[in-house]
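Q: Got a predicted structure here, sequence first:
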Amino acid sequence: MATGEKEILGSSAGLAGAVAIESGTELGELEVKARGYWEQVWIRFKRDKIALMGGVTIILLLLSAFVGAPLAKHWLGHGPNDLFFSAVTPDTLLPVGPFTHVLDPNTGKNTFFILGADGTLGRDEFLRILYGAQVSFEVALLSCLGSMTLGVLLGSMAGYFRGWVDTVVSRLTEITMAFPQLLFIIALASTVGDSMNNITFGIFGQGVVTLVVVFTAFGWFYPARIIRAVVLSLREKEFIEAARMTGSSDWRIIRSHILPHLIAPIIVYSTLSIAGLILAEAGLSFLGVGIKLPTSSWGNLLQGATEFYTQQPWLMVWPGLAVLITTLAFNLLGDGLRDAFDPRATH
Amino acid sequence: MLRYLIRRLLWAVLLFVAVTIVTYIIFYAIPADPARLACGQRATPECIKRAAHYLGTDRPLYFQYYKFFGRLMPFSFRGGPHLKEPRLGRSFTNRQSVNSVVAHAAPVTASLVFGGAVFWMLIALPVGILSALRPRSLLDRIAMVFVLVGISAHPVWIGLLFAYFFGFKAGLFPITGYSDFFAHSGDTSAGPVQWAYHLVLPWATFAILFAALYVRMIRANVMETLNEDYVRTARAKGAPEWLVMRSHVLRNALLPVVTMLGMDIGIALGGAIFTESVYGLPGLGKTAITAIDSFDLPTTQGVVVFATLVIIVFNLIIDLLYAVIDPRIRLS
Amino acid sequence: MSRKLWLSTVLVVIGLFSVLAGGASAKSSHAGATGGTLTVDLLSDVDYTDPALDYLSTGWEIEYATCLKLMNYPDANGAKGAQLVPEAAAGFPKVSNNGKTYDFTVNAGFTKFSDGSPVTAANFKAAIDRDADPKMQSPAVAFFSDIVGSSKSPVSGVKVKGNHLIINLTQNAPDFVARMAMPFFCAVPTNLPHDPNGVLAPPSAGPYYISEHTPNKSITVKRNPNYKGKRPHNLTQINYVIGNSQAATYLRAQQGATDYAAGGIPSASYAEAASKYGVNKAQFWVKPQLGVRYLAFNHDRPEFKGAKGALLAKAVNYAIDRKAILAQGGYLGGKRTDQILPPGMAGFRDANLYPLKGADPTTAKKYAAQSGVASGTGIEYYTSSTAASAAVGQIVQYDLKQIGLNVNIHQFARAVQIDKEGTRGEPFDITSEGWIADYADPFDFINVLLDGGNLHASNNNNVAYFNDPAYNKQMNSAALLSGAPRYKAYSNLDVAMMHDNPPWAATSNFNDRILLSSKVGCFTFNATYSVDLAAICLK
């Protein structure tokens, strides 16, 4: 398409893509610095306090999701899916507010709800937000892995082999782009989702696998386009010509001469796309086609909060804030990494 | 030029066919029987059989697609070649023509998207240009924070907060609902003022995300252009600053923005789903969600087809405009 | 709750019928004046405004105001509103030929169609012929399949002789007159097209008529200028506004922008509405509906099969916390129950079989142990994907965990759930369901939902796959009885089945929660059709 690298998605799923695309060409033009390149990147990155902050926040968030959540569950003495009918005010059927002690019928003792209860089942909102972070990260990281793998594979093949491979990949990309994506993802999730939601591999919540598959199916073409552009330009460079002259196989050239140059754009794009994927997961779960209850996710917590919109407005603040902090951290880190990889980018 | 035009058009048609086929296969592979649903709680085998026949779901998939595609085409060869109205079929749930369903929903989405676009450009243009001219100024820093929050906060959340504070607490705007732009007979509640009044919050919600993206893009483009040689040359020649800005910097920096705007609007017309579902606007997105919920395949399919068409047409227009502007594309 | 239940899952369309709730008759003040326009907010559109196709409670509420029927329910609160009276018929039909021939005398000089044409017996035949036309694919076919020649239009078993409408049935059916009072059978012009897409604004001969219907947007109902009958018709016009969310509707009702929240308000707001306006005082009305929510046990599965299965079914009935389950529907969402028939249905007798106040894990464990089910047995539980259904699933999961059963919750889109659970052999043990009466007769619950002689390979309503020859026989003979013996037979069946061999665990009956604006002066709740639009007047 003539409009080249400047497409944007209307949906939040493509937001990070849009951000990365803006810098796509710049990444593609990266010069190769054999030694000391990574050191230079690290030095530049260290200087960027805001990006560092983003990185530290992400580490903290990951820790609180995968280590903090089980710890909090242990200390509080109840889980995110445990029901406490005593956490629902009997005469109004509204959930209790923040900082409430709730009677645990199993032990006869009081247990503490930091952010109150989430709805008429009386589950702990705080724990559900923590465990919701797990789901968000699972979906975002796995989808990112899936779409990047597919995208890098197809993109580098198209860029390297050109000819009919390039034509096929490019046409596939255009077809994928012609779909009203968000609409289609929702339709897909609610039609084939029912049968796929039950695939959990024993560790994921219901709906995680569906979302990962759907996001991968619609997420591969941005990285594919970026990588294709990078590989196309690399292909013309002398050192590739030289390698070909010496009789290196295609596979060897791709592996040892081209792939190393793709690491920078892959890292930057992945970081930014994770932010978009977290937003997308929350959006779909809000619409009821993402993560299935009882597994908590920020999206279905937000959806649940709309029931108590006028009586317990705090319930809709927490999950939204969690999404904001997480995506902000990934966006800051992504911006910082891009600047670190490419000091000439003006930002 | 003509060859290029024909090639683009043919590809657009092919693209459209590909999308409808994929959509069809996926939607029709659903595990619910629409005929059973059409007959309600006390469905009898007789009723289900009749309904399946009427809905056409008793025929094989390829035949259903053939019928669907035949209805969709603006011409027919049955009884001699002639033009006809393309039809999207009828809803499974209330047997209304999907054409009229889409025709009712599209103006709502168009109001939201075009109004939203005006809204976000009104924010993005001045903020983007000014912060590019004064990098690291207070305005620039505030703008950058806005950008980051704008692309990181969930539109649904922004919508809920706006509706709570401006709608529920302050009572300034309606919380949900839509009012027609054109008042029709006997309905005094419609009209341009009510229309805009109902859309202020949705516009703001919808615009924030794009405003953030556009501020960022305009700022980057303007900064880049300011460093171009021709701008330096013009300045060195002593051209007045406003003239340099107008005829050199802005013209070149904003051309890609206009293109982007075209594409974004095209895609957003396919359903500004989040904004519509938070504010209960009966647009394409909400129509599609309701239809998907109730397995109303023709309506879902109709919205998807319409949205695909809009995206393809907008892309085609942009491509052609580019070809007009940039002769190199025609030749390649 | 049922409004929300069914409307949110648009497709399972049902008429809502309810006979009076024991003694709870609505008080209404008749202080209003005639005239004025009533605004009604509806969450989503009715499916059709064509009487042959309309099968949704909100639509039937409108049809109650617009339809002229042979027999109808009077515009009255409480028990009186649940007794059929002749409307277009001169009196009750003459029944002959061993209960197989019904002769109605049509005498409707008091009204004309809204387009000015007169009403005769032929208009009622036209309605049946239209319902029967295969082209129309009307859901009404389930309700007149016992008329002779009902599969073809015109129906040979329906004849017009002068002002007589004579209907021949294939067998004796004491509930026939009740079925004929459904909106499917209301008078239509003889030339009303047999359009399978439905007529949006058909002429009608009741106190009102639908003058305009813009799908998904608005419905306009106007007073029929040709109606001179006895039914009230205070309002000049009723405007339905479609699509406002429940939250917006709630605010609009408080501000007086809408007069009737027909699409309901957010379930968390009912408590506030109750404390603000009081219950059954002036603006906020809570009325029981003829419906039941239940967990059906799949009797094809080893766990629930035979005598041992009956013990496990009892165990589940003791184990579930009906109070917590009901709470998921919001304040005043319904009434807990442990029986098949809803209170208010003729034939209901309160038997007090299982604990309603909460779970009784001790007794439950005892029965579970007797049933021989191994601890840790997996129970596949089907439900729909709405948040409220998921919540109920979790409560059941928790409750059954206490008796050693591991519940695996499977959520599906509502339409998919109906399809799956209706297919024989589908691997589920328990499915969460609800049923609202099509018409006020126990047949519509007991026979339709539990007759094992009527099981098919797919599309079953008997999702418990309950098939007990002794009960089947009793059901079939009860269907042929009429009057008091009929209700007594059904009453015994209800209690015996739930006590000896529970096909389900019934959990609650629905309430209709109605919020009106302060402008509404008089309000009548008809036990059969809910809000009586024709009888509403404004202050």
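A: Thanks, I have it.

Q: Okay, strands next: where are they in chain B?
A: Here chain B has its strands, by DSSP state E, at B:75-76, B:82-83.

Q: And those: which comes nearest C:Phe185?
A: Ranking those by distance to C:Phe185, with C-beta to C-beta as the measure, places strand B:75-76 first at 40.2 Å. For every residue, glycine as well, the C-beta is placed using N, CA and C.

Q: In chain A, spot the helix with the most residues.
A: Ranked by residue count and defined by DSSP state H, the top helix of chain A is helix A:125-161.

Q: And the next helix or strand past that helix?
A: helix A:163-178 (DSSP states H and E).

Q: Could you identify which of the strands of chain B is most buried?
A: Most buried of the strands of chain B, by mean neighbour count (mean count of other C-beta atoms under 10 Å in any protein chain shown): strand B:75-76, with a mean of 11.

Q: What is the neighbour count of the residue of the stretch 1-150 of chain A found nearest chain C?
A: Checking the stretch 1-150 of chain A residue by residue against chain C with C-beta to the nearest C-beta singles out A:Thr92 as nearest, at 3.9 Å. Taking other C-beta atoms under 10 Å in any protein chain shown as the criterion, the count of residues near A:Thr92 is 17.

Q: Contact residues of the stretch 151-300 of chain A facing chain C?
A: Contact residues (C-beta under 8 Å from any C-beta of the partner chain) of the stretch 151-300 of chain A with chain C: A:Ser190, A:Asp194, A:Asn197, A:Asn198, A:Gln206, A:Gly288, A:Lys292, A:Leu293, A:Pro294, A:Asn300.

Q: If we use 7 Å, what do you get?
A: When proximity is defined as C-beta under 7 Å from any C-beta of the partner chain, the stretch 151-300 of chain A approaches chain C at A:Ser190, A:Asp194, A:Asn198, A:Gly288, A:Lys292, A:Leu293, A:Pro294.

Q: residues in contact with the last one?
A: Applying C-beta atoms under 7 Å, 6 or more residues apart in numbering or on different chains to A:Pro294 gives the contacts A:Asn81, C:Ala390, C:Gln394.

Q: Is it in a helix, a strand, or coil?
A: With DSSP: H, G, I helix; E, B strand; the rest coil as the basis, A:Pro294 sits in coil.

Q: And it, its phi and psi?
A: Its backbone dihedrals place A:Pro294 at phi -80, psi -10, with angles given as degrees, to the nearest 10.

Q: which ones are touching C:Pro202?
A: Taking C-beta under 7 Å, 6+ apart as the definition of contact, the neighbours of C:Pro202 are C:Asp50, C:Pro51, C:Val188, C:Leu192, C:Ile210.

Q: Please read the previous query as pertaining to B:Phe210.
A: For B:Phe210, the set of contacting residues under the criterion of C-beta under 7 Å, 6+ apart consists of B:Trp120, B:Asp264.

Q: Show me which residues of the strand or helix carrying A:Leu71 are buried.
A: According to DSSP H and E, A:Leu71 maps onto helix A:69-76. Neighbour-count burial for helix A:69-76, counted by 16 or more other C-beta atoms under 10 Å in any protein chain shown, picks out A:Ala69, A:Ala72, A:Lys73, A:Leu76.

Q: From A:Leu115, how far off is the closest residue to the first one other than its chain neighbours?
A: In other words, A:Ala69. The shortest distance from A:Ala69 to any residue other than its chain neighbours is 4.1 Å, reached at A:Leu130 (C-beta to C-beta, 6 or more residues apart in numbering or on different chains). For A:Leu130, the distance to A:Leu115 equals 10 Å [C-beta to C-beta, to the nearest Å].

Q: Give me the more crowded residue out of the two.
A: Set side by side, A:Leu130 and A:Leu115 show more neighbours around A:Leu130, with 23 against 19, by other C-beta under 10 Å.

Q: what about residue 58, neighbour count?
A: I'll assume chain A. Other residues within reach of A:Ile58, judged by other C-beta under 10 Å, total 19.

Q: not quite, I wanted chain C
A: Each residue near C:Thr58 was counted by other C-beta under 10 Å, and the total is 26.

Q: C:Gly264 is in contact with that one, correct?
A: No. Taking contact to mean C-beta atoms under 7 Å, the distance of 10.2 Å between C:Thr58 and C:Gly264 leaves them out of contact.
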